[in-house]
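# A structural model of the following input is requested.
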Amino acid sequence: MSTLAGTGVLLRFSLRRDRVMVPVWVAVNTLMVLSMPGSLKSLYGTPAERTDLVHQVATNASFRALIGPVFDTSLGALTAWRVGVYAGLLAAVTSLLIVVRHTRDEEESGRQELVASGVVGRRASLTAALLAAGVANAVLALLVTAGLAGQGFAGALALGLGIGCVGMVFATMAAIVAQLTESARLARGLTAGVLGAAFVLRAAGDSATDDGSSALTWLSPLGWLENLRPYAGERWWVLALFAAAVAGQGAVAYGLAGRRDVGMSFLPTRPGPAAGRLGSAGALAWRLQRGSVYGWSLAFFVVGVVYGGLTDGVADLVGDNAGAREVFERMGGQSGLTDAFLASMVGMMGLIAALYVVGSVLRLHGEETSGRAEPVLANAVGRMRWAAGHLTVAFGGAVLIMLLTGLGFAVGYGRQVGPILGACLVQVAAVWVIGGLAVALYGLLPRLAPAAWGVAGAVLLIGWVGPALDAPQAVLDVSPFGHLPKLPGGEMSWGPVLVLAGLAVVLVAAGLAGLRRRDMTT
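Just a heads-up that it's a prediction; the model follows:
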């Protein structure tokens, strides 16, 4: 039997399972890119304004580290500069989630062993997972190219291909890590760690040079994307680096897949007894999720320090551009430019924190569907105690990471410690609403629980793209974040915060009531 037998069937099955999550994330990424030319045109409508922006970026190492260098004054080149790195990051995250879900997740749950008992080749599941990631990245590249073709087809094609190629580099990286680890959670964490290291390398290189020529930049696939230079004299040969990385990593993944048994790994989990005390359901939940909490907390603190350090330079970057000032004020409220920038960045971190709380809540769904919850509940542990342990980590972790975000801003900026901490903690109410919705879906409609990722993606899209597109307030108000007071700088209003917190409590209560009454999935 061929090692690829059954790949087509598994691919169709994978695409069917991802029919909600993947289209939502591809749409979010596409709209983020396609919304940028119009936004930039309204902000920097004249060649003189665009030239001044390029000069400001070239002389501001902090903003180069955050976004990257800009190579030309055209709207296409500015679009590639403003969203290229972040679109590549989002494509990479989507790709690693797809690959781990359809490889290590399937093995960890035991479903892969059942599938392998049929007419399925040894490498069919890995191939199907990589093809599913390839389909998602191909659609993303096609949509970006078609949407930006009016700015110049060559540049649009280069940017679309570059974003899709970044996604495939991390898809094949995730395929390798999935062979090495025994846990899907660890596989996602390690691949995300590599992605974070790639961003740091690119940032360090770009802060040192203004043309992307640093050796550190070239060590990162995100650096390859910016050095592809869409709309600025495309360097098509850079695509060969992506192709070599995908082919090399794919070959390694295939080699490893052929040398291990289903369910096994090259880095097996250390056998027990577990370190520390696991005398309660809450302690077990903390043991299972502590790595995620530590990783998110560290990342948010570091990002807070970076954004805090950029605050003093934002006035120089914006200059006298009324349009850019207006966007910051729409995101951060009507206040001074510095406070508006801080408020907009704090709001962005709150939007990203919603992804943490959704992933943490859905750990309940993963424990249930994998069968690991059954032996826990077979003991003297009720469903409510079991769920409460994970929800404490999810909702308490959201408070922790936003608190550390505020501390990071305070360290980087060095002023307004109290107001910044308060602004970050206010975001928790909206984050809890998204987490409460995830609990409600899990408890009442467990089959639709993964749709919580789509909700988080839609909220992220509204928060990121809505202000730049001057979206109507009714659209912005769809997101719970749209109802929060814009702090620091704005006036504190407890009413919306308390209403959102109460809504989160109601959603959690509804989800737990549903969990208590329904049958558990096996």
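# let me know how buried the spatially closest residue to residue 73 that is not a sequence neighbour is, in neighbour terms.
Distances taken as C-beta to C-beta, 6 or more residues apart in numbering put residue 50 closest to residue 73, at 4.2 Å, once the chain neighbours are dropped. In this view, the C-beta of every residue, glycine as well, is placed from N, C-alpha and C. Number of residues near residue 50 (other C-beta atoms under 10 Å) recorded here: 21.
# also residue 312?
15.
# let me see the contact set for it.
Residues near residue 312 by C-beta atoms under 8 Å, 6 or more residues apart in numbering: 338, 413.
# ok, back up a step: name the element the residue nearest to residue 73 belongs to?
Following DSSP states H and E, one finds residue 50 within helix 47-58.
# try residue 487
Using DSSP H and E, residue 487 is not contained in any helix or strand.
# got the contact list for it?
Residue 487 sits in contact with 333, 343, 346, 419, 422-423, 426, where contact means C-beta under 8 Å, 6+ apart.
# pLDDT value on the closest residue to it other than its chain neighbours, please?
Distances taken as C-beta to C-beta, 6+ apart place residue 423 nearest to residue 487, at 3.7 Å, with adjacent residues excluded. With respect to pLDDT, residue 423 scores 91.
# now for the contacts of residue 487: which two are most distant?
333 and 422 (13.9 Å; C-beta to C-beta).
# so the two - more neighbours on which side?
The residue with more neighbours, out of residue 333 and residue 422, is residue 333; 20 against 16, by other C-beta under 10 Å.
# related to what we said a few turns ago, and of the contacts of residue 487, the nearest to residue 133?
Nearest member of those to residue 133, counting by C-beta to C-beta, is residue 346, at 32.9 Å.
# other SSEs contacting the strand or helix carrying the closest one?
Here residue 346, judged by DSSP H and E, is contained in helix 337-361. Contact analysis of helix 337-361 by 3 or more C-beta pairs under 8 Å, 6 or more residues apart in numbering; DSSP states H and E lists helix 281-310, helix 314-318, helix 322-332, helix 383-413, helix 417-444, helix 451-465 as its packing neighbours.
# list the contacts of residue 87.
For residue 87, the contact set (C-beta under 8 Å, 6+ apart) comprises 29, 32-33, 144, 163.
# redo that, cut-off 6 Å
Under the criterion of C-beta atoms under 6 Å, 6 or more residues apart in numbering, the contact list for residue 87 reads 29, 33, 163.
# so how far is residue 160 from the second one?
As judged by C-beta to C-beta, to the nearest Å, residue 33 and residue 160 stand 9 Å apart.
# flag the shaky bits of the protein, pLDDT-wise.
For the chain, applying pLDDT under 70 flags the ranges 1, 62, 112-113, 116-117, 260-279, 313-337, 466-471, 521-522.
# now with 50?
By pLDDT under 50, the weakly predicted segments of the chain are 522.
# distance of residue 131 from residue 204?
Distance, residue 131 to residue 204, by C-beta to C-beta: 34 Å.
# and if you look at residue 107?
Applying C-beta to C-beta to residue 107 and residue 204 gives a distance of 36 Å.
# which one's more surrounded, those two?
residue 107 (21 against 15).
# what's the offset of the host helix or strand of that one from the middle of its chain?
Using DSSP H and E, residue 107 maps to helix 104-109. Helix 104-109 sits 22 Å away from the centroid of its parent chain (C-alpha atoms, centre = their mean, to the nearest Å).
# now do stretch 430-440
Relative to where its chain is centred, stretch 430-440 has its mean C-alpha point 17 Å off (C-alpha atoms, centre = their mean).
# can you show me the CA trace of it as PDB?
These are the backbone C-alpha positions of stretch 430-440, laid out as PDB (Å, rounded to 0.1, in the frame of the first residue of the first chain):
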ATOM      1  CA  ALA A 430     -14.600  42.900  27.300                       C
ATOM      2  CA  VAL A 431     -12.100  40.000  27.200                       C
ATOM      3  CA  TRP A 432     -14.300  38.200  29.700                       C
ATOM      4  CA  VAL A 433     -17.400  38.700  27.500                       C
ATOM      5  CA  ILE A 434     -15.600  36.800  24.700                       C
ATOM      6  CA  GLY A 435     -14.500  34.100  27.100                       C
ATOM      7  CA  GLY A 436     -18.100  33.900  28.400                       C
ATOM      8  CA  LEU A 437     -19.400  33.400  24.900                       C
ATOM      9  CA  ALA A 438     -16.900  30.600  24.400                       C
ATOM     10  CA  VAL A 439     -18.100  29.000  27.700                       C
ATOM     11  CA  ALA A 440     -21.800  29.300  26.500                       C
END
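# going forward can the numbers begin at 34, since that is how I track them
All set: I'll call the first residue 34, so the last point we hit is now stretch 463-473.
# ok, and what's touching it?
For stretch 463-473, using C-beta under 6 Å, 6+ apart, the contacting residues are 383, 386-387, 390-391, 394, 427-428, 431, 485, 488-489, 513-514, 517, 533, 536-537, 540-541, 543-544.
# most neighbours among the contacts of residue 120, which one is it?
Using other C-beta under 10 Å as the neighbour criterion, residue 196 leads the contacts of residue 120 with 31 neighbours.
# doesn't it fall inside a helix?
Yes - per DSSP: H, G, I helix; E, B strand; the rest coil, residue 196 lies within a helix segment.
# could you measure from the residue nearest to residue 106 over to residue 93?
Going from residue 83 to residue 93 by C-beta to C-beta gives 16 Å.
# buried ones in stretch 39-52?
For stretch 39-52, burial by neighbour count (16 or more other C-beta atoms under 10 Å) applies to 39-40, 43-44, 46-48, 51.
# go on, stretch 440-459?
Per 16+ other C-beta under 10 Å, stretch 440-459 contains these buried residues: 440-443, 445-446, 449, 452-459.
# try stretch 419-431
Buried residues in stretch 419-431 (16+ other C-beta under 10 Å): 419-424, 426-428, 430-431.
# adding distance to residue 172, write those out as CSV.
Listed next are the buried residues of stretch 419-431 as CSV, based on distance: C-beta to C-beta, whole Å:
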residue, distance to residue 172
419, 39
420, 36
421, 40
422, 39
423, 34
424, 35
426, 35
427, 31
428, 35
430, 33
431, 32
